[in-house]
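Student: kindly generate the corresponding structure for this input.
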Amino acid sequence: MTADNLTPLTPVEVLTEPQCWELLAQQQLGRLVVGQSGRVDIFPVNYVCDDHHLYFRTAEGTKLVELTLDDQVLFEVDHIDTDSGWSVVVRGTAQVLTSFTEMSRIDELGLQSWIPTPKYNIVNITATEITGRSVYFTQQA
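Tutor: You can find the predicted model right below:
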């Protein structure tokens, strides 16, 4: 996905669902948004994308507690180049994987924690809605 079809006259393009998934598969860092009891938190997480699902590792703590209490999450990924950028937002449900077979399969996709702390939980985000925008940055005179 590039900004080839974006111009100063058409600086914003709404992305299709396949385009969004293609862009998500190219990145490794996203932001998980969780909420519980009127409080919203956002966490940067490294992730992998496979078969229209997002997976990330997490340790015990706030993030895991919040998504266990309320499985409705948002996940956002973006990318910026010199003259263009894009953003994809996934609305979905989160579920901690419990199957050793499934966890091993996700590990084979290359899901590794960037920070060398134990993160034994793998979370699957199943998308219920995905939206994205690609933008061309116009130069101000």
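Student: C-alpha only now, for contacts and for neighbours.
Tutor: Will do.
Student: packing partners for the lengthiest strand in the chain?
Tutor: Longest strand in the chain by number of residues, with DSSP state E as the criterion: strand 121-136. On a contact count with 3 or more C-alpha pairs under 8 Å, 6 or more residues apart in numbering; DSSP states H and E, strand 121-136 meets strand 12-14, helix 17-26, strand 53-58, strand 84-96.
Student: hey, which of these is tucked in deepest?
Tutor: Compared across the helices and strands packed on strand 121-136, strand 53-58 shows the largest average neighbour count, a mean of 21 (mean count of other C-alpha atoms under 10 Å).
Student: can I get the helices and strands packed on strand 121-136 in CSV with distance to L109?
Tutor: Output for the helices and strands packed on strand 121-136, formatted as CSV (distance: least, C-alpha to C-alpha, whole Å):
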stretch, distance to L109
strand 12-14, 29
helix 17-26, 11
strand 53-58, 10
strand 84-96, 17
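Student: what's the closest of the ones you listed to S104?
Tutor: Taking C-alpha to C-alpha, strand 53-58 is the member of these nearest to S104, at 12.2 Å.
Student: who's in contact with whichever helix or strand comes after that closest one?
Tutor: Using DSSP states H and E, the helix or strand that follows strand 53-58 in sequence is helix 62-69. Helix 62-69 has contacts (C-alpha atoms under 8 Å, 6 or more residues apart in numbering) with 34-36, 43, 58, 73, 94-96.
Student: for the helices and strands packed on strand 121-136, give me CSV that also has distance to G110 and mean pLDDT.
Tutor: Conversion of the helices and strands packed on strand 121-136 to CSV gives the following (distance: least, C-alpha to C-alpha, whole Å; pLDDT from 0 to 100):
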stretch, distance to G110, mean pLDDT
strand 12-14, 30, 92
helix 17-26, 12, 96
strand 53-58, 11, 94
strand 84-96, 18, 96
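Student: identify whichever of these lies nearest to P116.
Tutor: strand 53-58 (11.7 Å).
Student: what's in contact with the closest one?
Tutor: 45-49, 64, 106, 111-113, 119-127.
Student: let's have the contacts of helix 62-69 in a markdown table, adding distance to W21.
Tutor: As requested, the contacts of helix 62-69 are exported to a markdown table (distance: C-alpha to C-alpha, whole Å):
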| residue | distance to W21 |
| --- | --- |
| V34 | 21 |
| G35 | 24 |
| Q36 | 27 |
| F43 | 21 |
| T58 | 22 |
| V73 | 17 |
| A94 | 17 |
| Q95 | 20 |
| V96 | 21 |
